[in-house]
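> Only the shape, not the letters, is given here:
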């Protein structure tokens, strides 16, 4: 039987990457204000990269642990297990990486690979999904800067944060989040090693960490 992939190790590694990125951002407190805001937006890009890698790894682990749905759907006669290398190839669809455009797109593709019951992302609540879609919109606007990315960025900030006069990502991410319903809880096992909770960026980081820890 192929060796089972270690989910816990992948979760720990991804959470460590997010916490490290946030601590690096916290460490810029003595720098120029404009530089701190720039670091905030680049930290958001880094955290989104961690999230994308985790999603691919999580699907690989899920397919390695529970391949029954795909085996049945694809009529893979004589196959009872899928090793991690083959699982990654399947998850990526033969490409260089697993590509998804939104949380709804991710859930749809994961359903296809694992079935609704085996999809670890289907249990996510609508609020957390919206924050992660917002992070993707921020990342795309920072990296691409196109009119389409700007329009999507504005739409996400309005729907998730209720912001009408949308600022640039540098200003938005570095600013304090004064909403009473902002995300504030970190998993207990990393609270002792947590980053400062002040900015909107830290709220997004909390959602990513929570999601990694619970999927």
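Sure thing, it's come through. Here the structure is a predicted model, which means the values were calculated and not measured. Numbers count the residues shown, from 1 in each chain.
> which residues in the protein form helices?
Listed in chain order, the helices of the chain (DSSP state H) span 7-26, 33-65, 68-73, 84-92, 103-114, 126-144, 147-161, 169-174, 188-191, 200-214.
> and these, which one is worst for confidence?
Lowest mean pLDDT of the helices of the chain: helix 188-191, a mean of 64.
> Spatially nearest residue to the residue nearest the centre of the chain, not counting backbone neighbours?
Nearest to the mean C-alpha position of the chain, by CA atoms, centre = their mean, lies residue 51 at 3.2 Å. Spatial nearest neighbour of residue 51, excluding adjacent residues (CB to CB, 6 or more residues apart in numbering): residue 208 at 5.5 Å. Every C-beta, even on glycine, is put in place using the N, C-alpha and C of the backbone.
> that older thread, of all the helices of the chain, which one comes closest to residue 181?
Counting by CB to CB, residue 181 lies closest to helix 126-144 out of those; the figure is 8.6 Å.
> got a list of contacts for stretch 26-45?
With contacts defined as CB atoms under 8 Å, 6 or more residues apart in numbering, stretch 26-45 is touched by 21-22, 24-25, 135, 138-139, 142-143, 169-171, 173-174, 195-196, 199, 201, 204.
> cutoff 7 Å now
21-22, 25, 135, 138-139, 142-143, 169-171, 173-174, 195-196, 199, 201, 204 (CB atoms under 7 Å, 6 or more residues apart in numbering).
> Can you give me the buried ones in that stretch?
26, 28, 36-45 (16 or more other CB atoms under 10 Å).
> Give me the phi and psi for the residue in the chain sticking out farthest from the centre.
Computed with CA atoms, centre = their mean, the residue of the chain farthest from its C-alpha average is residue 78, at 35.5 Å. Here is the backbone geometry of residue 78 (degrees, to the nearest 10): phi 80, psi 0.
> What distance do you get for it to residue 91?
22 Å (CB to CB, to the nearest Å).
> and residue 22, what does it touch?
Residues near residue 22 by CB under 7 Å, 6+ apart: 43, 195, 202, 205.
> Same check on residue 169?
41, 44, 138, 141-142.
> can you tell me which two in these are farthest apart?
44 and 141 (10.1 Å).
> State whether residue 106 and residue 98 are indeed in contact, as I suppose.
No - in this structure, residue 106 is not within contact of residue 98 by CB atoms under 7 Å, at 8.9 Å.
> PyMOL command to pick out the buried ones of the contacts of residue 22?
Restricted to buried positions by 16+ other CB under 10 Å, the PyMOL selection for those reads:
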select buried, resi 43+195+202+205
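> Can you tell me which of the contacts of residue 22 is closest to residue 123?
residue 205 (20.7 Å).
> Am I right that that closest one is in contact with residue 19?
No - here residue 205 does not reach residue 19: they are 8.1 Å apart, not a contact under CB under 7 Å.
> Compare the helices of the chain and give me the one nearest residue 182.
Here helix 200-214 is closest among the helices of the chain (CB to CB), at 5.1 Å.
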